[in-house]
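S.K.: mind looking at a prediction? Sequence and model below.
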Amino acid sequence: MYGGAGILAAQGAVYSGAGLVTLASDPVNRSALHARLPECMFLDWTNHGLLLERLSQFDTILIGPGLGLDGVAYTLMEMVLSGVSASQNVIIDGDGITLYAKGDLPRPDASLYFTPHAGEWERLSGLTDDCETNLEKAKELGATVILKGHRTRVFAEDEVWQNMYGSSAMATGGMGDTLAGIIAGLMKQAAEPIEGVLAAVFFHSYIGDILAKKRFVVLPSQIATELPIYLKIFSEMSESAY
């Protein structure tokens, strides 16, 4: 596993206020996680019994960032997708999308979300950039699709949302992992999961745009660090409106 991707996703979830966050990863990544993000718990993914036992305790599962594409990764994907229930949300990102696109993994009973970039979406769907056919494919997959890009779009049921923010300064490795973590963190804090998804996409790129005014390159960890500040500002604005 590529440890940095998992850590960035975990950071996005923690800094968005997810509460209890656990990163399941190879034991080699434990020290790096706790040096960077001591607020996040760690689960050794080689302990399959414990992983399956803990799986039912999570309301939201994000799988894929830095997972890899080998047999170990496939086994973990199969185990997680087979082990979740209808009351849970499953977000598949990164390598998880590539593995799922092969077509021989079970569809989870949980509510399903994909967060592909354009190349991953083409592998998963066979489609490129047509809004109407993308929406139909999302329905066919039985999933909400967050198609990451300069203007990220969200395809859910009969609706398409396009984000208005985003900067070329955000074209940095790990940016999508952080967004997936923020989505996981905000999903259960909103009245409906889709509202959490849309809020995550908005805050991720909105903060990126603000940081880009003074930075040539915006790092995903910088967006995560600023996230609690802007969540607080907007929550107070919302409260004052009533």
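M.R.: Now that the structure is in, tell me what you want to look at.
S.K.: mind listing the helices in the protein by residue range?
M.R.: In the chain, the helices defined using DSSP state H lie at 3-15, 30-36, 48-55, 71-83, 95-100, 118-125, 131-141, 175-187, 193-212, 220-240.
S.K.: can I get those in JSON lines with mean neighbour count?
M.R.: Glycine gets a C-beta too; all of them are placed from N, C-alpha and C. Listed next are those as JSON lines, based on neighbours: other C-beta atoms under 10 Å:
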{"stretch": "helix 3-15", "mean neighbour count": "26"}
{"stretch": "helix 30-36", "mean neighbour count": "14"}
{"stretch": "helix 48-55", "mean neighbour count": "13"}
{"stretch": "helix 71-83", "mean neighbour count": "17"}
{"stretch": "helix 95-100", "mean neighbour count": "24"}
{"stretch": "helix 118-125", "mean neighbour count": "18"}
{"stretch": "helix 131-141", "mean neighbour count": "15"}
{"stretch": "helix 175-187", "mean neighbour count": "29"}
{"stretch": "helix 193-212", "mean neighbour count": "21"}
{"stretch": "helix 220-240", "mean neighbour count": "15"}
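S.K.: now do stretch 235-242, average pLDDT.
M.R.: Across stretch 235-242, pLDDT averages out at 71.
S.K.: cool, and stretch 181-195?
M.R.: On average, stretch 181-195 scores 95.
S.K.: gap between stretch 32-42 and the chain center?
M.R.: 18 Å (C-alpha atoms, centre = their mean, to the nearest Å).
S.K.: buried residues in stretch 86-95?
M.R.: For stretch 86-95, burial by neighbour count (16 or more other C-beta atoms under 10 Å) applies to 88-95.
S.K.: err, stretch 150-157, not the other one
M.R.: Buried residues in stretch 150-157 (16+ other C-beta under 10 Å): 152-156.
S.K.: quick check: closest non-adjacent residue to the residue nearest the centre of the chain.
M.R.: Geometric centre of the chain, nearest residue: Ala180, 1.7 Å, by C-alpha atoms, centre = their mean. Excluding the flanking residues, the one nearest Ala180 by C-beta to C-beta, 6 or more residues apart in numbering is Asp93, at 4.1 Å.
S.K.: these two touch, right, that neighbour and Gly176?
M.R.: Yes: with contact defined as C-beta atoms under 8 Å, Asp93 reaches Gly176; the gap is 6.9 Å.
S.K.: list the residues that contact both of the two?
M.R.: 65, 115 (C-beta atoms under 8 Å, 6 or more residues apart in numbering).
S.K.: mind checking how far Ala110 is from Gly149?
M.R.: Noted for Ala110: a distance of 26 Å to Gly149, by C-beta to C-beta, to the nearest Å.
S.K.: I misspoke; the intended subject was Leu55.
M.R.: 31 Å.
S.K.: determine the number of other residues adjacent to the nearest residue to Lys148 once chain neighbours are set aside.
M.R.: Nearest non-adjacent residue to Lys148, counting by C-beta to C-beta, 6+ apart: His117, 4.8 Å away. Applying other C-beta atoms under 10 Å, we find 16 residues neighbouring His117.
S.K.: quick check: His117 vs Asp104, distance?
M.R.: 23 Å.
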